[in-house]
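J.: Predicted structure and sequence below. I'll ask about it afterward.
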Amino acid sequence: MSPKSGLMYSFAAIAAVSIIAQADEVAAASTHVVRAGDTLWSISQTHNVSVAQLKASNNLSSDRLAIGQTLKLSGSAPSTLKPAATTATSSSTQVTTDALNMRLAAGTWHKVLVTIPKGQALKPIKTSGAWTKVSYGGKTGWVHNGYLTTASVKPATPSTPTPATPSTPVTSSDATVTTADLNLRRAAGTWHDVLVTIPKGQALTPIKTSGTWTKISYAGKTGWVHNGYLTNSSVKPTTPTTPSQPVAPSKPAIKEESINQSYVTTANLNVRQGPGIGYALVTNIPNGTTVKATKQSGTWVYVTYNGKSGYVSTGYLKQTTTAPSAPVTPNAGDGGAGNESFDYVVNTPSLNVRASASTSSAVIGSVTAGQTLRVVQTSNGWHQIYIGNTTGFVAASYVKAVPKGSTTAPSGSSDGLAKSLAAIAVAKKYVGTPYIWASSNPANGGFDCSGLIYYAYNQAGYSVPRTNVATYWSGSYFGTQLSKTFVPKAGDLVFFENTYTAGPSHMGIMIDSDTFIHAGTYGLGYNTISKEPYWKSRVIGYKRP
């Protein structure tokens with residue numbers, strides 16, 4: 001054996017040991033377990049894989065997902081990784097197709113060393129599966145092959161990063177066809193405004209591309225669409241003067257809410273400027289670090305680490321619970337019920353009282369809707385209350401603080417209020433399930449708007465027939481019609497007109513005076529009337545069951 005052959009053999013052996021050591025981590029990163037609220041779109045954004053690829057890898061014929069379902073992220077999850085490291089030659093020069101993170105090792109969970117700009121020529125050192133080892137800016141690490149393309153030029157190794165090369169125009173021979181109804185956005189990113197929705201099957205001519213987005217013109221408007229919903233085609237595109245079908249309203253922005261929750265990171269985790277993978281990196285949090293979240297936006301929470309703040313994905317966080325400190329003297333006022341300024345009133349049909357401040361703690365009793373609680377103290381999202389001759393804990397999110405003496409009986413019967421609050425609890429169980437036309441049962445995979453009302457209220461003990469929105473509004477069901485100037489309460493029904501058709505055509509359940517839960521185009525979830533012109537302009541009134 002020549003010295004050269006021996007050197008190559010040793011290098012290959014070292015590479016094999018390195019790759020086998022990472023096998024478990026790579027296999028774990030090749031799948032995703034569906035959680036409540038997950039959609040194919042949110043999973044594709046979190047793991048940087050297209051919806052079309054997710055469907056193909058998992059043999060999915062629809063967008064329906066089941067909680068607990070394990071999805072493959074690309075092909076089949078590897079059970080054994082074979083070393084694929086090879087020494088690259090100068091002819092294998094690669095060029096970045098987008099701004100690209102160089103990581104400490106091969107895997108998205110490893111630390112980011114530097115971000116390489118788009119258009120940068122790189123000289124591969126070796127490859128391992130979908131990753132390539134390169135040197136850039138005085139640092140050596142790994143980059144994902146999905147953002148590299150071959151080039152005939154030799155790479156330069158700058159001491160500092162250079163500006164990204166602008167995207168280049170493409171020709172009409174690159175015509176593509178939409179594989180689903182596709183939003184045309186003002187700029188490249190899901191957080192930008194929707195200009196128009198392009199129907200499925202529409203042929204388009206790209207103007208230029210940037211990463212996973214393509215700029216196109218349609219119906220007199222120019223904007224950006226995501227490549228995950230485009231496929232190559234030899235059909236010449238046509239540019240209609242008006243959309244071929246009614247344009248659905250843009251997806252409402254996810255409501256951001258304040259929280260107070262501690263988490264532990266389950267991987268090295270990127271912190272970004274906004275709630276999505278399209279936002280710039282702020283810093284990186286090591287695996288096993290405890291962080292405190294103060295805001296939540298969809299599946300992203302806002303945290304601070306080492307003096308830097310930003311958003312991280314909850315997919316890589318494990319919730320922790322800290323019990324309040326030892327009981328203290330009860331608050332003053334009304335024998336311990338609330339304090340001098342507020343009463344604490346249960347705002348859900350039935351609420352468990354637990355032995356400690358944790359959902360896994362034993363249940364020692366319960367309180368019901370409208371009951372005023374004697375609060376000892378509040379800490380980390382839990383109220384410590386008196387119950388009988390002892391104390392217990394209830395989740396503060398199900399208790400409402402109201403001004404002293406303002407708690408009055410609802411205008412309807414107490415039984416009607418309890419059933420309405422129970423209906424809200426039923427609806428909340430299915431948040432994130434898809435919109436299914438004419439469905440009134442979760443066994444079908446989801447609901448339409450009136451189907452949700454039928455199912456939730458019948459499950460809550462309110463007998464009502466299955467009909468449509470217009471009949472629920474004009475008939476005697478759920479009481480009398482109340483004008484749109486009426487101030488609703490939790491459990492009231494809200495009705496909308498002129499959505500997908502003229503007249504009363506959509507409905508939901510109010511969970512407070514402004515926010516409602518409903519089965520909409522993008523699945524079962526929440527919207528806020530005062531902050532969303534689409535819904536505010538279409539309210540026709542309310543009903544109180």
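T.: Perfect, thanks for sending it. Every value quoted in this text rests on a predicted model; they were computed, and no experiment measured them.
J.: K489 sits in which helix or strand?
T.: Using DSSP states H and E, K489 sits in no helix or strand.
J.: give me every residue that touches it.
T.: K489 makes contact with P410, M510, D512, S513, R544 under the criterion CB atoms under 8 Å, 6 or more residues apart in numbering. Where C-beta positions appear, they are placed from N, C-alpha and C, glycine not excepted.
J.: Most neighbours out of the residues you listed, which is it?
T.: For those, the largest number of neighbours (other CB atoms under 10 Å) sits with M510, at 22 neighbours.
J.: Which of the contacts of K489 fall within strands?
T.: Among those, the residues falling in strands (DSSP state E) are M510.
J.: Can I get the contacts of K489 in a markdown table including pLDDT?
T.: Compiled in a markdown table, those are given as follows (pLDDT from 0 to 100):
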| residue | pLDDT |
| --- | --- |
| P410 | 39 |
| M510 | 94 |
| D512 | 91 |
| S513 | 90 |
| R544 | 87 |
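J.: Name the nearest of the contacts of K489 relative to A219.
T.: Checking those against A219 by CB to CB gives M510 as the nearest, at 36.0 Å.
J.: Dump the contacts of K489 to JSON lines, plus distance to S397.
T.: Output for these, formatted as JSON lines (distance: CB to CB, whole Å):
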{"residue": "P410", "distance to S397": "21"}
{"residue": "M510", "distance to S397": "17"}
{"residue": "D512", "distance to S397": "12"}
{"residue": "S513", "distance to S397": "17"}
{"residue": "R544", "distance to S397": "24"}
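J.: Could you list which of the contacts of K489 belong to helices?
T.: Among those, no residue falls in helices (DSSP state H).
J.: Now do the strands in the stretch 201-350 of the chain.
T.: Using DSSP state E, counting those that start in this stretch, the strands of the stretch 201-350 of the chain run over 203-204, 208-210, 213-218, 221-226, 230-232, 256-265, 269-272, 281-285, 290-297, 300-305, 308-313, 317-320, 342-346, 350-354.
J.: Mean pLDDT added to those strands, as JSON lines?
T.: Shown next, in JSON lines, are the strands of the stretch 201-350 of the chain (pLDDT from 0 to 100):
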{"stretch": "strand 203-204", "mean pLDDT": "86"}
{"stretch": "strand 208-210", "mean pLDDT": "85"}
{"stretch": "strand 213-218", "mean pLDDT": "89"}
{"stretch": "strand 221-226", "mean pLDDT": "88"}
{"stretch": "strand 230-232", "mean pLDDT": "76"}
{"stretch": "strand 256-265", "mean pLDDT": "80"}
{"stretch": "strand 269-272", "mean pLDDT": "90"}
{"stretch": "strand 281-285", "mean pLDDT": "89"}
{"stretch": "strand 290-297", "mean pLDDT": "86"}
{"stretch": "strand 300-305", "mean pLDDT": "89"}
{"stretch": "strand 308-313", "mean pLDDT": "90"}
{"stretch": "strand 317-320", "mean pLDDT": "73"}
{"stretch": "strand 342-346", "mean pLDDT": "77"}
{"stretch": "strand 350-354", "mean pLDDT": "87"}
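J.: Correct me if wrong: W300 contacts Y316.
T.: No: using CB atoms under 8 Å, W300 makes no contact with Y316, being 10.9 Å away.
J.: just to revisit the earlier point, mind checking the strands of the stretch 201-350 of the chain for the one nearest to N458?
T.: strand 350-354 (18.3 Å).
J.: Which elements pack onto that closest one?
T.: For strand 350-354, the packing partners by 3 or more CB pairs under 8 Å, 6 or more residues apart in numbering; DSSP states H and E come out as strand 363-368, strand 390-395.
J.: Return the list of helices and strands in contact with the first one.
T.: Under the contact criterion of 3+ CB pairs under 8 Å, 6+ apart, the helices and strands touching strand 363-368 comprise strand 350-354, strand 382-387, strand 390-395.
J.: how about 6 Å then?
T.: Counting contacts by 3 or more CB pairs under 6 Å, 6 or more residues apart in numbering; DSSP states H and E, strand 363-368 is packed against strand 350-354.
J.: who's more crowded, W300 and Y316?
T.: A direct count of neighbours by other CB under 10 Å for W300 and Y316 places W300 higher, at 25 against 18.
J.: Run a quick neighbour tally on the closest residue to the more buried one other than its chain neighbours.
T.: In this structure, W300 finds its nearest non-sequential neighbour in P275, 3.6 Å apart by CB to CB, 6 or more residues apart in numbering. Per other CB under 10 Å, the neighbour tally for P275 reads 22.
J.: Would you mind listing the residues in contact with P275?
T.: P275 sits next to S297, W300, Y311 when contact means CB atoms under 6 Å, 6 or more residues apart in numbering.
J.: go again using 10 Å as the cut-off
T.: The contact partners of P275, by CB atoms under 10 Å, 6 or more residues apart in numbering, come to 191, 254, 256, 295-302, 310-313.
J.: Need the distance between the two termini of stretch 195-209.
T.: 18 Å (CA to CA, to the nearest Å).
J.: can you check stretch 275-283 too?
T.: Terminal residues of stretch 275-283 are spaced 14 Å apart (CA to CA).
J.: and that stretch, how far from the chain's centre?
T.: Its chain's C-alpha centre lies 14 Å from the corresponding centre of stretch 275-283 when counted by CA atoms, centre = their mean, to the nearest Å.
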